[in-house]
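Trainee: build the 3D model from these lines:
(2 chains)
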Amino acid sequence: MATEQQFCTFFIDRLLFGVEVEKVQEVIRHQGLTRVPLASDLVGGLINLRGQIVTAVNLRRRLGLEDSSQTQPPMNVVVRTGEGAVSLLVDEINDVVDVEQKTFEAPPNTLVAGRELIQGVYKLKDKLLLVLDTDKAANVAAPLSAKR
Amino acid sequence: MDEVTKEFLIESNELLDQLDRDLVELEKDPKSKELLARIFRTIHTIKGTSGTLGFPKLESVSHVGESLLSRMRDGKLVLNAEITSALLAMIDAVRKILRTIEASGAEGDPELAEIIRRLSALLDGGQARMKDARPETPAKSESAEQSLGEILVEQHGTAPDAVQAAAQQQRDGDPRRIGEILVHQGAAEPKAVLEALQEQGAHASAAASTIRVDVNLLDKVMNLVGELVLARNQILQFTTTQQDAVFLSTAQRLNLITTELQEGVMKTRMQPIGNVWNKFPRIVRDLAVSCGKQVELEMEGSETELDKTIIEAIKDPLTHIVRNSLDHGIEPPAVRTKKNKPPAGRLRLRAFHEGGQVNIEISDDGAGIDLPKVREKAIQKGLVSAQQAGKLSDREVMNLVFLPGFSTAERVSNVSGRGVGMDVVKTNIERIGGTVDLSSVLGQGTTLRIKIPLTLAIIPALIVTSGHERFAIPQVSLLELVRLEGGEAAKGIEMIHGAPVHRLRGNLLPLVYLNQQLRLEAKSSTTGTVNIVVLQADGRPFGLVVDVINDTEEIVVKPLGKQLKGIACFAGATIMGDGQVALILDVLGLAQQADVISESKERSLSEVKTRADDAALGQHSWLVFRVGEKGRVAIPLAMVSRLEEFEPSAIEVSGNQPVIQYRGEIMSLVRVSEALQLSTPNRKQERLQVVVYSTEGRSVGLVVEEILDIVDQQVAITTGRQTARLLGSAVIQQHVTDLLNVPEIVAEVLNRGQNVSALAGAQHGD
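Mentor: Residues are numbered from 1 along each chain as shown, chains lettered A, B, ... in the order given. Next up is the predicted model:
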């Protein structure tokens, strides 16, 4: 059915987010993160994805949310972007869900935090699925000059 | 664009490059039949194929060139500068059309009338002189392959008519091969046919043993091998905790295979530097003609191999340097003759491997760099103040030419002198981890030395830890490691107005704390040890203080994502043996961020002065030894290569000089007591104490009676007792000590024989 689409979903701060499955390269468990000094604090670090070095974006901070209080290490959702693979750090992985196009709605005006990253909302039966714009999410501005 | 055209373009471009070289070569040796034949064949191939593929303009222009060449081949025209220039212009025209075809798939509408007229005029000129111009050489097959008949005709093994007759005979049903027919008819010598066959075979086999591979594919394979290397490293680390014999031996095999595979793939990316140099004969010729100069180009070591990415990176800088040498360096013939130099200048390119790096030297025997003029220009352009300029050492003045906006050329030519150049050359070379060094003697020439790493993909690096994070430092920037322990740690770091420095052998080394620069946590445990990694950025040393120095490792350089591109401190990232990612420090970026470079540029002026003062004050480490019965003599420790002991019986005599076999060489010996005319001790000596001094690749042994001490002391030299062999005296450790003029003594020994009797006496132990 043309009106159905599949989303890979995950939780951040108990909000359900989704990324079109075609954009997801893979989902991997927690990986040792190498911190990058002087980088923007939106960058979580670097991971080794089978020999490829991938930048991990701290999606919580990217969305303007508080840092997680949970002790569980974040999961990596590796997405393909125009500039290669980028990993999005999320709290918890959820299922791949099918959604119907007619349940889509633009984000409400009252949504302020991270609004530019959310393309819209799918109204699922019991939850709302927020559609993430991965290209924008991965677009972490180059860090400020470290010069004192 | 179809495959055939694509292949034609690639092949033609290669052929044209070869053509450039061959033509320039031919100009020097116009009688070379072999060169002429090769040039002819190349043009013929291009003409033939362009006709087949339907590029009439390309065909027409190469046709005129071919006609001209065929006349030369037949000996009716002799190559001269005019013809060479015309032919080179034709090659350029062909190139231009090829580029248009590459871009648009069609020939476009090139302006060819002029070049065709020029070539035709030369052709007619030749014809006018040679009235009995015969019709063109035998009908050529339109294919790129050359027939045996053609080769034979080119080698003058037979007459064109005979080949045609033989070919006709074949068409009429003669089953024999063309060579057989010719030999049978007595039209060709069997030997000539054999040679021609060999040549034909050589062409065919060269084509069959190589294939063209897409560079992107090669890069991909290289990346995969890089990943394999990392996976191998991880497995090897795993083996340390495993006992399973099969697993261990398999891991070992994997290790070996991976290493070999890595080497093999690296080799596929290696290209001889000749690929870049190939275009220089043409550039040099054109420039020399347009500047009215005569230049002989020498190239040595063009087979030296470099990684493809580096070859590409040095192409433009090298071209620039060559242009510079020709334009500014080499003088016009008239000036050269006046200076008693041969009218033709010499430009030498030399490449060789040394210590895991590639050295490239570009030297000319031209005017050299006029230092006072450089100084003047630099002041005039406001690059340095007059006061600063006065204090600069010659070497520093020389390096002023690398500053942006500098040019000593009196007038701006279309070749160089616009003030962009040497700084770009330097930046480009440093970007790939190389260094540039300039030396010049006024009136005798200039030499530029470039050192570059073999490859950028896999580099040796020093792994350090700071603030619990590991970092890799490329070894090309590494000078030395200094470790300060216990009390030294506290004393070794001093502050100049808040800036930490360390005294390294008397010079101040600015210190940069890595954890401060990267805003990492400070070292938690205060063990009292300070690790300083002495690095070099932009020719200036600085000390990087890190928590732990781990190890050196071969690392695979991986680029950073776009999110991290703006951080100047990092050159990339790599994956360590445990699978974790480590960042690679960009030493230049780090130094710039820490303001080490700009600071030290100013300080360098005072540094030079301090160094000079040091020398005057005699700030040195000294090796003190006893000579003769009571003589106390010292030499700077820096002059000592090694200290050795020899059995007296090991001394032999060569050319009336005492010598000893040392490390596979013959080393001359000098008895210091004798050189200073001190009494030689009479008692029997057990073993000979020898101080080895090396100069210009030769070692000389200074025989002393006893090594006393190594002293770190500032000494005041009294020159009262100064002779040619003594620099003077000083008080070292409360004793009057003579300071030996080692170079002088050694020079004396090397220049003339020395009395051997004393040493021979020592040998017998009388």
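Trainee: show me what from the stretch 1-150 of chain B comes close to chain A.
Mentor: By Cβ under 8 Å from any Cβ of the partner chain, no residue of the stretch 1-150 of chain B approaches chain A. C-beta: built from backbone N, CA, C; applies to glycine.
Trainee: ok, chain B next?
Mentor: Residues of chain B lying near chain A by Cβ under 8 Å from any Cβ: B:226-227, B:230-231, B:467, B:469, B:517-520, B:558-570, B:573-575, B:579-583, B:593.
Trainee: just the ones of those in strands?
Mentor: Assigned to strands by DSSP state E, the following of those qualify: B:469, B:570, B:573-575, B:581-583.
Trainee: okay if I get those as JSON lines plus distance to residue B:116 and neighbour count?
Mentor: Below are these laid out as JSON lines (distance: Cβ to Cβ, whole Å; neighbours: other Cβ atoms under 10 Å in any protein chain shown):
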{"residue": "B:469", "distance to residue B:116": "68", "neighbour count": "20"}
{"residue": "B:570", "distance to residue B:116": "57", "neighbour count": "23"}
{"residue": "B:573", "distance to residue B:116": "57", "neighbour count": "25"}
{"residue": "B:574", "distance to residue B:116": "57", "neighbour count": "27"}
{"residue": "B:575", "distance to residue B:116": "60", "neighbour count": "27"}
{"residue": "B:581", "distance to residue B:116": "62", "neighbour count": "23"}
{"residue": "B:582", "distance to residue B:116": "62", "neighbour count": "23"}
{"residue": "B:583", "distance to residue B:116": "60", "neighbour count": "26"}
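Trainee: could you list the low-pLDDT ranges of the stretch 301-450 of chain B?
Mentor: In the predicted model, the stretch 301-450 of chain B carries pLDDT under 70 at residues B:355-356, B:405, B:407-421.
Trainee: and the helices in chain A?
Mentor: Listed in chain order, the helices found in chain A under DSSP state H are A:59-62, A:134-138.
Trainee: from the chain's centroid, how far away is the last one?
Mentor: The gap between where helix A:134-138 is centred and where its chain is centred comes out at 8 Å by Cα atoms, centre = their mean, to the nearest Å.
Trainee: who are the contact partners of residue B:586?
Mentor: Residues near residue B:586 by Cβ atoms under 8 Å, 6 or more residues apart in numbering or on different chains: B:568-571.
Trainee: rerun at 6 Å
Mentor: Shown in contact with residue B:586 (Cβ atoms under 6 Å, 6 or more residues apart in numbering or on different chains): B:569-571.
Trainee: could you dump these into TSV and include pLDDT?
Mentor: Listed next are the contacts of residue B:586 as TSV, based on pLDDT from 0 to 100:
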residue	pLDDT
B:569	86
B:570	88
B:571	83
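Trainee: going by distance to chain A, which of these wins?
Mentor: residue B:569 (6.3 Å; Cβ to the nearest Cβ).
Trainee: rewinding a little: lowest-confidence one in the ones in strands among the residues of chain B next to chain A?
Mentor: Least confident of these in the model: residue B:575, at 84.
Trainee: isn't it right up against residue B:230?
Mentor: Yes: Residue B:575 is within contact range of residue B:230, at 4.7 Å (criterion: Cβ atoms under 6 Å).
Trainee: from the ones in strands among the residues of chain B next to chain A, pick the one nearest residue B:662.
Mentor: Nearest to residue B:662, judged by Cβ to Cβ, of these is residue B:574 at 42.7 Å.
Trainee: for residue A:38, phi and psi?
Mentor: Main-chain torsions, residue A:38, degrees, to the nearest 10: phi 70, psi -10.
Trainee: domain-wise, how is chain B divided?
Mentor: Chain B resolves into domains spanning B:3-208, B:215-272, B:274-453, B:458-609, B:618-764 when parsed by automatic domain parsing.
Trainee: from the chain's centroid, how far away is the third one?
Mentor: Taking Cα atoms, centre = their mean, the mean C-alpha location of domain B:274-453 is offset from the chain mean by 13 Å.
Trainee: next, the distance between the ends of it.
Mentor: This stretch, domain B:274-453, spans 17 Å end to end (Cα to Cα, to the nearest Å).
Trainee: got it, and the shortest one?
Mentor: Distance across domain B:215-272, first residue to last, is 16 Å (Cα to Cα).
Trainee: name all residues that make contact with the closest residue to residue B:470 other than its chain neighbours.
Mentor: Excluding the flanking residues, the one nearest residue B:470 by Cβ to Cβ, 6 or more residues apart in numbering or on different chains is residue B:582, at 4.4 Å. Residue B:582 makes contacts with B:470, B:472, B:574, B:576, as judged by Cβ under 6 Å, 6+ apart.
Trainee: closest residue of the stretch 301-450 of chain B to chain A?
Mentor: For the stretch 301-450 of chain B, Cβ to the nearest Cβ, closest residue to chain A: residue B:309, 18.5 Å.
Trainee: before we move on, what SS does that residue have?
Mentor: Here residue B:309 is helix, with the state taken from DSSP: H, G, I helix; E, B strand; the rest coil.
Trainee: for residue B:215, see how far away it is.
Mentor: 10 Å (Cβ to Cβ, to the nearest Å).
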